[in-house]
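> Need a 3D model of the following:
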Amino acid sequence: MIKYLGSKRVLVPRLVSLVGALPTVRTAVDLFSGTARVAHAWKRAGLRVTANDHNTYAQTLARCYVQADGRRVRAEAERLLPELSAVAPRAGWFTQTYCVESRYFHPDNGARIEAIRERIAGLSLEPELEAVLLVSLMEAADRVDSTVGVQMAYLKQWAKRAHNALALRLPEVLDGDGAALGLDAAEAARAVGRVDLAYLDPPYNQHSYRGNYHVWETLVRWDAPETYGIARKRVDCRTHKSAFNRRKDGEVAFRQLIDAIDARFLLVSFNDEGYLAPAAIHAILGPRGVVHEVAVPFHRYVGAKIGIYSPQGEKVGAVSHTENHEHLFLVDTEHRLTRIEARAALSL
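This is a model prediction of the structure:
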């Protein structure tokens with residue numbers, strides 16, 4: 001899967017074990033699904049999962065990894081990927097914007113990305129199959145990018161991997177049903193209705209995921225938007241933000257979201273560097289049931305290890321710390337778990 005700020009890759013085994021330790025959890029909704037890594041793992045574990053995210057690229061990831069049924073799309077995707085790989089390079093708007101005016105990909109790979117995306121657009125495929133091919137392209141591009149994992153900026157010199165040839169691979173599409181939504185989180189909670197478990201991993205500071213991954217948004221939408229700045233961001237990055245990206249609005253949005261959820265269990269993941277302090281989250285969750293909490297040590301984003309640099313590439317500051325904590329809050333809305341059972345689930 002793509003490199004992603006806030007990815008729960010390290011936490012996934014723990015989250016799978018946690019859900020497996022809870023009684024009668026068969027259905028789940030991930031309301032801020034991002035790469036769909038968590039939802040994908042829960043689908044693999046046998047849950048009926050709905051993944052939701054308001055960014056189009058994230059909904060496409062969820063449509064591939066959660067909604068698509070491998071039994072229906074795998075064979076055709078395997079047939080089409082070699083055909084797409086053989087498409088002749090074509091340098092146009094995408095290559096000019098993201099490989100010349102900015103440097104996210106080497107122009108040779110940019111021209112291939114562009115040609116393959118044009119070909120996918122021309123096939124008029126059903127949504128799940130198209131999502132599988134788009135995710136294959138997105139992940140192939142991610143493997144040859146020249147960033148530190150976010151698209152706020154790019155490296156001054158080409159990363160070594162940027163010179164590798166773009167290579168399409170079949171994503172790990174699972175058999176079985178699921179669903180992918182592209183709604184506001186509270187709207188998605190109301191649309192899904194009653195579930196056994198609702199998982200929340202909301203943005204925790206001012207950095208919007210649309211701004212951090214605007215190239216993926218454009219690659220999926222294929223809309224050649226107006227762009228701005230050195231990073232060549234989409235202009236809608238200025239306006240399309242979650243309420244969770246604003247300190248004054250985040251707590252209100254979180255309260256409204258919690259009120260909208262109908263679930264046996266609520267599972268909330270929140271970084272201790274976020275706008276909401278753990279004590280505030282605990283207080284908001286308290287009226288919904290018995291709240292159990294654990295703090296898990298977590299590495300900060302890769303830029304924290306590299307340091308702080310000016311636009312000219314000069315080191316201008318030192319990062320204060322490279323570790324933080326991810327707080328997991330488990331809410332038992334029916335007051336039936338013993339404290340020992342809850343702690344056992346959280347400590348797995």
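> going forward, measure contacts and count neighbours with C-alpha atoms only.
Fine.
> Please name the nearest non-neighbouring residue to Trp158.
For Trp158, ignoring the flanking residues on the chain, the nearest one in space by CA to CA, 6 or more residues apart in numbering is Ser146 at 5.8 Å.
> got it, and Gly149?
Per CA to CA, 6+ apart, closest to Gly149 is Lys3, 5.5 Å.
> likewise Arg247?
Distance criterion CA to CA, 6+ apart; nearest residue to Arg247, sequence neighbours excluded, is Tyr275 at 5.8 Å.
> just checking, that neighbour touches Asn205?
Yes. Taking contacts as CA atoms under 8 Å, Tyr275 lies within contact range of Asn205: 5.8 Å.
> returning to that earlier point: from Arg161, how far out is the residue nearest to Trp158?
Separation of Ser146 from Arg161 (CA to CA, to the nearest Å): 7 Å.
> And these two? Which one has more around it.
Counting neighbours by other CA atoms under 10 Å for Ser146 and for Arg161 shows that Ser146 has the greater number, 26 against 15.
> For burial, what's the neighbour tally of the residue nearest to Arg9 when sequence neighbours are not counted?
Excluding the flanking residues, the one nearest Arg9 by CA to CA, 6+ apart is Arg37, at 7.0 Å. By the criterion of other CA under 10 Å, Arg37 has 21 neighbours.
> One more: the one 3 residues further on?
Burial of His40 is recorded as 26 neighbouring residues (other CA under 10 Å).
> is it true that it lies in a strand?
No. If the criterion is DSSP: H, G, I helix; E, B strand; the rest coil, then His40 is helix and not within a strand.
> hmm, back to that, check contacts around the residue nearest to Arg9.
If a contact means CA atoms under 8 Å, 6 or more residues apart in numbering, then Arg37 has Met1, Ser7, Lys8, Arg9, Val12 as its contacts.
> Quick one, which of those are buried?
Neighbour counting by 16 or more other CA atoms under 10 Å classes Met1, Ser7, Lys8, Val12 among the contacts of Arg37 as buried.
> Specify which member of the residues you listed is nearest to Ala167.
Comparing the buried ones among the contacts of Arg37 against Ala167 with CA to CA places Met1 closest, at 14.0 Å.
> where does the stretch 1-150 of the chain have low pLDDT?
Across the stretch 1-150 of the chain, nothing is flagged by pLDDT under 70.
> In it, mark out all the helices, start to finish.
Chain-ordered helices for the stretch 1-150 of the chain, with DSSP state H, counting those that start in this stretch as the definition, fall at 12-21, 37-44, 56-62, 70-85, 93-95, 107-123, 127-143.
> and of these, who's closest to Leu168?
Among the helices of the stretch 1-150 of the chain, helix 127-143 comes nearest to Leu168, with 5.5 Å by CA to CA.
> Would you map out the domains in the protein?
1-66+177-203+248-348, 70-173+216-241 (automatic domain parsing).
> Format those as a markdown table; extra columns: distance to Arg210.
Output for these, formatted as a markdown table (distance: least, CA to CA, whole Å):
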| stretch | distance to Arg210 |
| --- | --- |
| domain 1-66+177-203+248-348 | 7 |
| domain 70-173+216-241 | 6 |
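> which residues touch Leu129?
Counting by CA under 8 Å, 6+ apart, Leu129 has contacts Cys64, Ala68, Val73, Glu76, Ala77.
> can you count the residues close to the closest residue to Arg246 other than its chain neighbours?
Once flanking residues are discounted, Arg246 sits nearest to Gln206: 5.9 Å by CA to CA, 6+ apart. Residues near Gln206, counting by other CA under 10 Å, number 15.
> Now do stretch 233-241: distance to the chain's middle.
17 Å (CA atoms, centre = their mean, to the nearest Å).
> how about the strands of the chain, start to end?
27-30, 48-52, 179-181, 195-200, 227-228, 233-234, 263-271, 290-299, 308-309, 315-317, 323-332 (DSSP state E).
> Among those, show the one with the smallest mean pLDDT.
Mean pLDDT is lowest for strand 308-309 out of these, coming in at a mean of 48.
> ok so, going back, so, if you compare the contacts of Arg37, which one comes nearest to Ala280?
Nearest member of the contacts of Arg37 to Ala280, counting by CA to CA, is Lys8, at 22.3 Å.
> Need phi/psi at the closest one.
Main-chain torsions, Lys8, degrees, to the nearest 10: phi -100, psi 30.
> now swap in Ser102 and tell me
Backbone dihedrals for Ser102, given as degrees, to the nearest 10, come out at phi -130, psi -180.
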